[in-house]
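Asks: Pasting a predicted model and its sequence here:
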Amino acid sequence: MTFGPTIIRLTVTTLLLATATAAASQKTAAPPQDKTQTQAPAPAVVEEKPTPYDQRLIRLAEVLGSVHYLRNLCVKEPEDVWRRSMQQLIDKETANEEKRRERMTAAFNRGYRTFASVYTTCTQPAIVAEQRYRAEGATLASEIVARFGN
């Protein structure tokens, strides 16, 4: 069974809109740099600022990892859409917050590995799981935007 590109694009668009809206509300201006210094400045330590939607974001990362594994298991040609979406989400949401980056990466990998340990071939239950996880991801993204977006 194949999944239409329209559904995939819609889900990715929803996820990206959620992250873009959330990231826009978290952006702060970087301080101007003094170009007269001869030594490289120490990297700025950014205090981690937990967001009220971090738990939902972690779950979204786990869902994206699961969908990434299941989609590639059940399609003829491997696709990288879900991993790239996750990377964009991490880049936009975590900026210089290394601990948040690590948590989101770990969640994505956990979702991926969970299904990799269960499904080694594309079966009907794998297809159903992928559909359900995609729906959950779209719901999570919509909730994050609706509740925490500007």
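Replies: Cool, the structure landed.

Asks: Which neighbouring elements make contact with the longest helix along the chain?
Replies: The residue-count maximum for a helix in the chain (DSSP state H) belongs to helix 124-148. Counting contacts by 3 or more C-beta pairs under 8 Å, 6 or more residues apart in numbering; DSSP states H and E, helix 124-148 packs against helix 5-26, helix 54-74. (Glycine included, C-beta is placed from N, CA and C.)

Asks: how close does residue 103 get to residue 58?
Replies: 6 Å (C-beta to C-beta, to the nearest Å).

Asks: actually residue 122, sorry about that
Replies: Note on residue 122: its distance to residue 58, by C-beta to C-beta, is 27 Å.

Asks: related to what we said a few turns ago, average model confidence for the longest helix of the chain?
Replies: Taken as a whole, helix 124-148 has an average pLDDT of 93.

Asks: May I see the buried residues of that helix?
Replies: Of all the residues in helix 124-148, those buried under the rule 16 or more other C-beta atoms under 10 Å are 126-127, 129-130, 133-134, 136-138, 140-141, 144-145, 148.

Asks: ditto for stretch 84-102
Replies: Buried-residue list, stretch 84-102, by 16+ other C-beta under 10 Å: 85, 86, 88, 89, 90, 92, 93, 94, 95, 97, 100, 101.

Asks: Kindly report the same for stretch 75-85.
Replies: Of the residues in stretch 75-85, 81, 82, 83, 85 count as buried by neighbour count, 16+ other C-beta under 10 Å.

Asks: give the contact list for the nearest residue to residue 143 once chain neighbours are set aside.
Replies: For residue 143, ignoring the flanking residues on the chain, the nearest one in space by C-beta to C-beta, 6 or more residues apart in numbering is residue 56 at 6.6 Å. The neighbourhood of residue 56, defined by C-beta atoms under 8 Å, 6 or more residues apart in numbering, consists of 140, 143, 144.

Asks: Please tell me how far the last one sits from residue 127.
Replies: Spelled out, that is residue 144. Going from residue 144 to residue 127 by C-beta to C-beta gives 26 Å.

Asks: Repeat that for residue 66.
Replies: When distances are taken as C-beta to C-beta, residue 66 and residue 127 turn out to be 13 Å apart.

Asks: And residue 113, by the same measure?
Replies: 19 Å.
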